[in-house]
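Peer 1: need a 3D model of the following:
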Amino acid sequence: AVEEDKYANYSRVLTKYFLAEGLVNNHSIFTASLEEDPVQLMKKLPTPVEETEQDKPQKAQTPEEMRIAFRYNNLSVVDLEQKPSTQIGHFFDLSKQIEESELSKHDITYWDGSQVPSEPSKTFTNPFYQTLLSAIHTKSREPQFDPTNTDVKDKNLLRICLNSVGSPLWYDQNFPQDLIRFLTILKAIIRNTLSCCLVTLPTHLFQHLPTPSHLYERLIDQTDFCIRLESFAGSDRETNPAFKEYHGLLDIGKISALNSLAAFVPETRDLAFKLRRRKFVIEKLHLPPELGEERDERGGGVKVATMSCSSGGGGGMGKLDF
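Peer 2: Below you'll find the predicted structure:
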């Protein structure tokens with residue numbers, strides 16, 4: 001699951017990467033959304049490209065080439081890039097959209113909520129959940145997605161992408177109960193078929209629900225992996241010089257141990273992201289050391305720490321000094 005940023009600008013980029021990777025690998029696609037037309041979303045996917053010299057990581061500057069204070073000369077150079085042990089995935093150019101003729105070559109199923117059953121559901125208050133689950137279940141039951149079917153040789157993976165599940169368009173009288181029940185049934189479908197699912201959730205909106213239901217904690221329990229995107233747009237960090245190279249923070253909320261004895265432990269959980277013209281970059285968050293001295297705004301002198309409630313020991317008066 002992906003916890004959307006405030007304006008869903010960057011979570012939408014990750015959604016496009018997930019879908020575009022499925023097309024390159026010739027996977028079957030199931031995309032659903034009430035926020036926007038899923039057909040138009042597929043048309044906006046980035047074009048796959050070959051890795052160029054510009055995309056390759058730049059060699060870090062050697063200590064001899066760096067102009068830095070001598071006290072930091074003996075420290076190892078920080079490698080910011082998140083590099084996997086093996087090359088996984090492909091490269092895409094976000095500035096170029098995929099050709100529509102390419103989409104017609106793939107198995108793509110769209111769901112926009114336009115077909116709602118006339119009879120009320122016995123499981124959900126909101127009929128959208130029942131309709132979407134029925135569509136996913138019907139698609140996932142095809143022979144190529146059945147791991148127990150030995151008669152089919154050409155197995156394939158079904159990529160399910162659910163965009164902004166839990167937005168106000170999904171609200172109803174029993175919204176928390178419906179959403180938890182929906183994810184529980186969806187997880188059972190994923191476990192029993194050759195499929196994977198990416199769900200984006202606007203969790204920042206759940207705090208406005210009228211009654212507390214611990215919805216956020218219950219949602220995280222239903223996910224296998226969860227990342228949280230925190231955009232700097234509209235916040236104080238947007239103008240903070242320490243974060244000027246980044247557009248937001250990426251927090252790894254949950255990593256499950258699937259088909260393994262222990263969960264993967266990342267090298268660091270302090271990650272930041274930035275959106276360039278052609279690609280989305282995730283790096284280790286490394287704030288530069290403060291080499292300058294902070295000046296006192298009133299007198300222009302150097303601030304000296306003083307002991308609280310002390311009449312001496314420094315050149316200035318603190319708020320608690322007397």
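
Peer 1: residue 35 versus residue 224, what's the distance?
Peer 2: 24 Å (Cβ to Cβ, to the nearest Å). In this view, the C-beta of every residue, glycine as well, is placed from N, C-alpha and C.

Peer 1: neighbour count winner among those two?
Peer 2: The neighbour comparison of residue 224 against residue 35 (other Cβ atoms under 10 Å) goes to residue 35, with 18 against 15.

Peer 1: double-check residue 37 against residue 111; I have them as touching.
Peer 2: No - with contact defined as Cβ atoms under 8 Å, residue 37 and residue 111 do not form a contacting pair (10.9 Å).

Peer 1: higher neighbour count, those two?
Peer 2: In this view residue 37 and residue 111 are compared by other Cβ under 10 Å, and residue 111 has more residues nearby, 21 against 13.

Peer 1: skipping adjacent residues, who's closest to that one in space?
Peer 2: Distances taken as Cβ to Cβ, 6 or more residues apart in numbering put residue 32 closest to residue 111, at 3.8 Å, once the chain neighbours are dropped.

Peer 1: residues in contact with the host helix or strand of residue 19?
Peer 2: Residue 19 is located in helix 9-24, with elements delineated by DSSP states H and E. If you take Cβ atoms under 8 Å, 6 or more residues apart in numbering as the criterion, helix 9-24 is touched by 2-5, 28-29, 31, 41-42, 44-46, 48, 89-90, 92, 94, 98, 102-103, 106, 157, 159, 161, 163, 198, 200, 229, 231, 233, 247-248, 273, 275, 280.

Peer 1: what lines up beside whichever helix or strand comes after it in the sheet?
Peer 2: Helices and strands here follow DSSP H and E; after helix 9-24, the next one along the chain is strand 28-33. Sheet pairing of strand 28-33 (DSSP bridges) gives strand 108-111 (parallel), strand 158-163 (parallel).

Peer 1: which one of the ones you listed is the most hemmed in?
Peer 2: Comparing the strands paired with strand 28-33 by mean neighbour count (mean count of other Cβ atoms under 10 Å), strand 158-163 comes out on top with a mean of 23.

Peer 1: dump that one to CSV, restricted to CA.
Peer 2: Listed in CSV are the C-alpha atoms of strand 158-163, where the atom choice follows Å, rounded to 0.1, in the frame of the first residue of the first chain:
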residue,chain,number,x,y,z
LEU,A,158,-2.1,-10.1,-12.7
ARG,A,159,-1.2,-6.6,-11.6
ILE,A,160,-4.1,-5.0,-9.7
CYS,A,161,-3.9,-1.2,-9.2
LEU,A,162,-6.5,0.5,-7.0
ASN,A,163,-6.2,4.3,-7.0
